[in-house]
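Asker: The sequence and its predicted three-dimensional model are supplied below.
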Amino acid sequence: MFDRYFNEKLNFQTSFSSLIHAILFLYCSGYMSPEYAMEGLFSVKSDVYSFGVLLLEIIYGRRNTSFRSIEHTSLITYAWDLWNEEKAMDLIDPSIRDSCSLKEMLKCIHIGMLCVQDSVMHRPTMAAVMLLLESETPTLPMPRQPSYASMRSSINANFISDGQEIVSSNNLTVTMVVGR
């Protein structure tokens with residue numbers, strides 16, 4: 001807890017904050033909605049979030065959990081950045097790009113981004129998602145920022161790149177003492 005000069009070695013506030021961000025990253029980088037991962041709140045919109053992740057994975061051609069990038073913590077943040085730069089078409093897997101309608105793919109990306117929005121209130125219902133997917137020319141609202149895209153900078157500060165992949169640094173060690 002202290003070094004030999006009695007200077008503080010552990011900063012519990014910083015360690016706890018890093019732990020919370022790491023937990024959010026680990027749970028939300030899969031299919032679990034952020035509100036369920038962090039607060040245990042589950043609703044019909046939690047499945048919508050998972051569907052949005054799945055939809056973006058199909059379009060991108062890779063799983064969200066295997067996404068590796070120095071600039072992006074997940075496929076969701078990568079898709080969000082491409083969306084904001086008006087380069088959403090770059091998300092489409094090259095192996096399916098020529099065999100599908102780019103207009104339909106852009107519609108699916110748009111719907112996927114609506115499904116992974118931060119606020120449960122802003123996500124569409126699954127029934128609305130089905131109607132949007134089946135509609136020829138749906139009027140789609142602009143998606144809002146996904147939950148952990150805004151926390152990306154604080155998460156990235158806790159990660160180190162070894163050139164090939166992102167590796168997390170161990171900022172907290174937990175020891176469990178068990179009596180005999």
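Answerer: Sure, I can see it.
Asker: Give me the buried positions along the helix or strand harbouring Ser46.
Answerer: Here Ser46, judged by DSSP states H and E, is contained in helix 44-60. Within helix 44-60, the residues scored as buried using 16 or more other Cβ atoms under 10 Å are 45-53, 55-57, 59-60. Where C-beta positions appear, they are placed from N, C-alpha and C, glycine not excepted.
Asker: What of stretch 114-130?
Answerer: 114-118, 120, 123-124, 129.
Asker: Between those residues, which sits nearest Trp80?
Answerer: Using Cβ to Cβ, Val116 comes nearest to Trp80 of the buried residues of stretch 114-130, at 8.3 Å.
Asker: Now tabulate the buried residues of stretch 114-130 in JSON lines and tack on distance to Ile92 and secondary structure.
Answerer: Output for these, formatted as JSON lines (distance: Cβ to Cβ, whole Å; DSSP: H, G, I helix; E, B strand; the rest coil):
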{"residue": "Leu114", "distance to Ile92": "18", "secondary structure": "helix"}
{"residue": "Cys115", "distance to Ile92": "17", "secondary structure": "helix"}
{"residue": "Val116", "distance to Ile92": "17", "secondary structure": "coil"}
{"residue": "Gln117", "distance to Ile92": "21", "secondary structure": "strand"}
{"residue": "Asp118", "distance to Ile92": "24", "secondary structure": "coil"}
{"residue": "Val120", "distance to Ile92": "28", "secondary structure": "helix"}
{"residue": "Arg123", "distance to Ile92": "23", "secondary structure": "coil"}
{"residue": "Pro124", "distance to Ile92": "22", "secondary structure": "coil"}
{"residue": "Val129", "distance to Ile92": "19", "secondary structure": "helix"}
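Asker: With pLDDT added, can I get those in JSON lines?
Answerer: Formatted as JSON lines, the buried residues of stretch 114-130 follow (pLDDT from 0 to 100):
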{"residue": "Leu114", "pLDDT": "94"}
{"residue": "Cys115", "pLDDT": "93"}
{"residue": "Val116", "pLDDT": "91"}
{"residue": "Gln117", "pLDDT": "90"}
{"residue": "Asp118", "pLDDT": "85"}
{"residue": "Val120", "pLDDT": "87"}
{"residue": "Arg123", "pLDDT": "92"}
{"residue": "Pro124", "pLDDT": "93"}
{"residue": "Val129", "pLDDT": "92"}
